[in-house]
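> okay, here's the prediction I keep looking at, along with the sequence it came from:
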Amino acid sequence: MTDILKAHDLCKDYRLSHGKTLRALDHVSLTVRSGEVLGLVGESGCGKSTLGRCLLRLTDLSSGNILFEDQDISRMNDRALRPVRRRMQMVFQDSYASLNPKRRIGDLVAEPLRVHPDANGKKRSRQVIEVRLEELMDLVSLPHSALARYPHEFSGGQRQRINIARALALSPRLIVADEPVSALDVSVQAQIVNLFTDLKEQLGLTYIFIAHDLAVVRQISTRVAVMYLGAIVELGDTDAVMQTPAHPYTMALISAVPKPVIGAHDERILLHGDVPSPISPPSGCRFHTRCPKAEGRCSAEAPALRDIGNGRQVACHFPLH
Amino acid sequence: MAGDAPLLDVRDLSVSFRSGGRDVPIIENVSFAVCEREILGIVGESGSGKSVTAMAIMRLIDDPGVTLRGSVRFRGQELTTLPQKAFRTIRGREIAMIFQDPMTAFTPVYTVGWQIDEAIRVHERLSKAEARARTVRLLGDMGVPDPERTANRYPHQLSGGLRQRAMIAMALSCNPALLIADEPTTALDVTVQAQILDLLRNLRTDYGSAVMLITHDMGVVAETCDHVMVLYSGRVAERGPAAAIFSQPAHPYTAALLDSIPPLTGPRPTRLPSIAGAPPAPLERPPGCAFAPRCHYAHAACDILPPLVRCAEQEVACVLPGEGKALPPRMTERVEA
Ligand SMILES: Nc1ncnc2c1ncn2[C@@H]1O[C@H](COP(=O)(O)OP(=O)(O)OP(=O)(O)O)[C@@H](O)[C@H]1O
Ligand SMILES: Nc1ncnc2c1ncn2[C@@H]1O[C@H](COP(=O)(O)OP(=O)(O)OP(=O)(O)O)[C@@H](O)[C@H]1O
Ligand code: SF4
Ligand code: SF4
Ligand SMILES: [Mg+2]
Ligand SMILES: [Mg+2]
């Protein structure tokens, strides 16, 4: 399998008022293989969206490099990025806010087709766009009649289908989906997760799938990266990570998920406290303030993300295996 | 009062709002009971009427176009017709409510401790110092670290998890017999949610309180509740003991809902079982079973609104049990913990 995207040593600092800085990404490196679904999980504020946006160059990096299809895009300006942007798209959580309520669906989905030229550098004709719009509606299982209607006429799940259609308009290779099903009810969520699965098979897409819901990520991902306070703490094949987590945080996170089974909470690992502020993160291992396995060394020395075999990486002095 | 009479007994509660010259029925004939020290979960998808049910019980709907029918009895006393003044002594003291967003419970201009002190002093004659002592104890009980100092902080200075704990502390300040919690953990991270659910589970032993827990998360229900009521489009689909509903859901909606949750362990299905379509809006609700347009088992008999009937340990609004075609038990191998 080839690598579609390689990110090396990414850092992202946000400047806050009072001259403080917040390090939202702290030396993050990862590789995305062509055709895979890389799940990105972690609690609120750990940097998932920031990473997704940096990878697509929607947010500027503070330092680090990104290779997309073997091209270094880390410092490209907007003009140079334009042809690259067609090949990488984002789908967001809030399907309502991301669709202009005053415009028809056909208009909204056609926008990228009008803005970007076709493969030969030419503007697309109205007929070409029309045909493509109907193809897109078929792909996301919406009737062609949807094109003439307005966003408010659709349910949350349908609006998410529209967002997906728009992201697919230019036939991208990589899609970063940022919490694409989090706002949906479970019964509808399953439909959209299935749609993502089907589209990937049908179109040979690669996804970076961001979600705080571990069960959803497990369902769709081939590999999963777990983040805590701006860093990746564990990365590996989904089944391996979920069945035998190596990082104490991964273990606690999985254990904390409420399971629809009576009596499942009995063996829960309860973490104490909340995630510390990223403005003044703990010394050494950032998880040491909540880690049930922490020892003296943990607060003094930050563990590096290292290989532990079988393509698994973990950042812990005392991995669980 | 009989020893096992329910603490809260809701019968045929219906709420509708006037809109566009029509009465829009939001919830229809919702009935359920909460016993002392019991945790009842109310689940349903967005818009199914969970919050409206809670707000109606608490008499917090102040929409001039609202019509409310049915009965709400608390310790045998009818609440819907109780004069405002008498009701206020019950709300806050006997029945307290917490919300998803703790910022709605606190005002930003006073410290959290001051606000909890005041909530205590509204219902009990205590000095400021006595009230503060209780506030600090409550915050400590709720797992707030350094409660004396935290009490002196403003709501926005606390993390989401701490604010939620402070709100629960305020709700418990008068030792209510019933706590109504509307999505209390939805905005929280899972590791913090686990802490708050642990706290809610322990309220019955530590405070003797019953809890009516509103959530859309079946996992939260399974881990917290004794009894469950499933709402679908403003109507009760199914209710009964949690253990029975999770092992053998009797309503096709409950069963499909449980199936559509991706499993956290065991084999991963290539595709998730999903329910086509979406719940109907109140005005588009069919006269018969509201789930019929999405139901695998829908047939002619479903065109007439099915009443709640007993099926095994639960009650279910579906025609199947009456036709001798009750649903099979769930495949349990994929839900093993
Ligand atoms: N524009 C910004 N300015 C300052 N800080 C920011 C900005 N955007 C994000 N942050 C901070 O960066 C950190 C990472 O945020 P990010 O949105 O990437 O997290 P996330 O993992 O996506 O969280 P969530 O699950 O809540 O979406 C957070 O502490 C956040 O407050
Ligand atoms: N004051 C009101 N006037 C008109 N309609 C209302 C009013 N309050 C609520 N509704 C409607 O009642 C229905 C049920 O709302 P409710 O808030 O009880 O749903 P819910 O089950 O709590 O959903 P969620 O999970 O999204 O919180 C919704 O369709 C809502 O739009
Ligand atoms: S390095 Fe130490 S504190 Fe950090 S996760 Fe490992 S054991 Fe816990
Ligand atoms: S009454 Fe009919 S449509 Fe409704 S849930 Fe039962 S079988 Fe399905
Ligand atoms: Mg995010
Ligand atoms: Mg609600």
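Sure, I can see it. Numbers count the residues shown, from 1 in each chain, chains lettered A, B, ... in the order given. Ligands and ions are numbered 1, 2, ... in the order given.
> now the closest residue to chain B within the stretch 1-150 of chain A. Nearest residue, chain neighbours left out?
Proximity of the stretch 1-150 of chain A to chain B (Cβ to the nearest Cβ) peaks at residue A:43, 4.0 Å away. Glycine gets a C-beta too; all of them are placed from N, C-alpha and C. Closest residue in space to residue A:43, ignoring its immediate chain neighbours: residue B:189 at 4.0 Å, by Cβ to Cβ, 6 or more residues apart in numbering or on different chains.
> phi, psi for the one you found please.
As for residue B:189, its main-chain torsions (degrees, to the nearest 10) stand at phi -70, psi 160.
> is it correct that the residue of the stretch 1-150 of chain A closest to chain B is in contact with residue B:191?
Yes. Using Cβ atoms under 8 Å, residue A:43 is in contact with residue B:191, at 6.6 Å.
> quick check: neighbours shared by these two?
Counting by Cβ atoms under 8 Å, 6 or more residues apart in numbering or on different chains, the residues touching both residue A:43 and residue B:191 are A:253, A:275.
> quick one, what contacts the residue positioned nearest the centre of chain A?
Nearest residue to the geometric centre of chain A (Cα atoms, centre = their mean): residue A:210, 3.0 Å. Listed by Cβ under 8 Å, 6+ apart, the contact set of residue A:210 reads A:39, A:40, A:41, A:48, A:49, A:52, A:176, A:177, A:178, A:179.
> in the longest helix along chain A, which residues are buried?
Longest helix of chain A, by residue count under DSSP state H: helix A:186-203. Neighbour counts over helix A:186-203 (16 or more other Cβ atoms under 10 Å in any protein chain shown) mark A:186-197, A:199-200 as buried.
> JSON lines please, covering those residues and showing distance to chain B.
Below are the buried residues of helix A:186-203 laid out as JSON lines (distance: Cβ to the nearest Cβ, whole Å):
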{"residue": "A:186", "distance to chain B": "5"}
{"residue": "A:187", "distance to chain B": "4"}
{"residue": "A:188", "distance to chain B": "6"}
{"residue": "A:189", "distance to chain B": "7"}
{"residue": "A:190", "distance to chain B": "4"}
{"residue": "A:191", "distance to chain B": "5"}
{"residue": "A:192", "distance to chain B": "9"}
{"residue": "A:193", "distance to chain B": "6"}
{"residue": "A:194", "distance to chain B": "5"}
{"residue": "A:195", "distance to chain B": "10"}
{"residue": "A:196", "distance to chain B": "11"}
{"residue": "A:197", "distance to chain B": "6"}
{"residue": "A:199", "distance to chain B": "12"}
{"residue": "A:200", "distance to chain B": "12"}
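> in chain A, which ranges drop under the pLDDT threshold?
A:1, A:94-96, A:265-266 (pLDDT under 70).
> ok, the residue lying closest to residue B:259 once chain neighbours are set aside to residue A:7 distance?
Excluding the flanking residues, the one nearest residue B:259 by Cβ to Cβ, 6+ apart is residue B:273, at 4.3 Å. Residue B:273 sits 36 Å away from residue A:7, going by Cβ to Cβ, to the nearest Å.
> between the two, who's got more neighbours?
residue A:7 (21 against 14; other Cβ atoms under 10 Å in any protein chain shown).
> contacts only, for that one.
Contacts of residue A:7 by Cβ under 8 Å, 6+ apart are A:28, A:29, A:30, A:31, A:54, A:55, A:64, A:65, A:66, A:67.
> sorry, back to before: from the contact counts, what lies against the longest helix of chain A?
The elements that helix A:186-203 packs onto, with contact taken as 3 or more Cβ pairs under 8 Å, 6 or more residues apart in numbering or on different chains; DSSP states H and E, are helix A:126-139, helix A:156-168, strand A:206-210, helix A:214-220, helix B:252-259.
> starting at the chain centroid, how far to the first one?
Read that as helix A:126-139. The chain centre lies 27 Å from the centre of helix A:126-139; the measure is Cα atoms, centre = their mean, to the nearest Å.
> next, the angle helix A:156-168 makes with it.
Comparing the axes of helix A:126-139 and helix A:156-168 via axes from the mean of the first three to the mean of the last three Cα atoms, to 10 degrees yields an angle of 130 degrees.
> got the CA positions of helix A:126-139 in PDB?
C-alpha atoms of helix A:126-139 as PDB (Å, rounded to 0.1, in the frame of the first residue of the first chain):
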ATOM      1  CA  ARG A 126     -23.800  23.800 -17.400                       C
ATOM      2  CA  GLN A 127     -24.700  20.400 -18.800                       C
ATOM      3  CA  VAL A 128     -21.500  18.800 -17.400                       C
ATOM      4  CA  ILE A 129     -22.400  20.200 -14.000                       C
ATOM      5  CA  GLU A 130     -26.000  19.100 -14.300                       C
ATOM      6  CA  VAL A 131     -24.900  15.500 -15.100                       C
ATOM      7  CA  ARG A 132     -22.400  15.500 -12.300                       C
ATOM      8  CA  LEU A 133     -25.000  16.700  -9.800                       C
ATOM      9  CA  GLU A 134     -27.300  13.800 -10.600                       C
ATOM     10  CA  GLU A 135     -24.400  11.400 -10.300                       C
ATOM     11  CA  LEU A 136     -23.600  12.800  -6.900                       C
ATOM     12  CA  MET A 137     -27.200  12.500  -5.700                       C
ATOM     13  CA  ASP A 138     -27.100   8.900  -6.700                       C
ATOM     14  CA  LEU A 139     -23.900   8.300  -4.800                       C
END
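> neighbours around the residue in the stretch 51-200 of chain B that ligand 1 sits nearest to, how many?
Residue of the stretch 51-200 of chain B nearest ligand 1, by Cβ to the nearest ligand atom: residue B:189 (8.1 Å). Here the number of neighbours of residue B:189 (other Cβ under 10 Å) works out to 23.
> thought it was touching residue A:213?
No. Judged on Cβ under 8 Å, residue B:189 makes no contact with residue A:213 at a distance of 11.4 Å.
> identify the contacts common to the two.
Shared contacts of residue B:189 and residue A:213 (Cβ under 8 Å, 6+ apart): none.
> where along the chain do the helices fall?
All of this refers to chain A. According to DSSP H, the helices that chain A contains are A:48-55, A:78-85, A:105-115, A:126-139, A:156-168, A:186-203, A:214-220, A:238-243, A:248-256, A:296-300.
> nope, chain B please
B:50-57, B:84-90, B:112-123, B:128-141, B:147-151, B:160-171, B:190-206, B:218-224, B:242-247, B:252-259.
> remind me what the first one packs against, helices and strands.
Under the contact definition 3+ Cβ pairs under 8 Å, 6+ apart, helix B:50-57 sits against strand B:8-19, strand B:22-34, strand B:39-43, strand B:66-74, strand B:178-182, strand B:210-215.
> JSON lines for the ones you listed, including mean neighbour count and distance to ligand 3?
Below are those laid out as JSON lines (neighbours: other Cβ atoms under 10 Å in any protein chain shown; distance: least, Cβ to the nearest ligand atom, whole Å):
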{"stretch": "strand B:8-19", "mean neighbour count": "18", "distance to ligand 3": "45"}
{"stretch": "strand B:22-34", "mean neighbour count": "19", "distance to ligand 3": "42"}
{"stretch": "strand B:39-43", "mean neighbour count": "26", "distance to ligand 3": "33"}
{"stretch": "strand B:66-74", "mean neighbour count": "16", "distance to ligand 3": "48"}
{"stretch": "strand B:178-182", "mean neighbour count": "24", "distance to ligand 3": "32"}
{"stretch": "strand B:210-215", "mean neighbour count": "25", "distance to ligand 3": "31"}
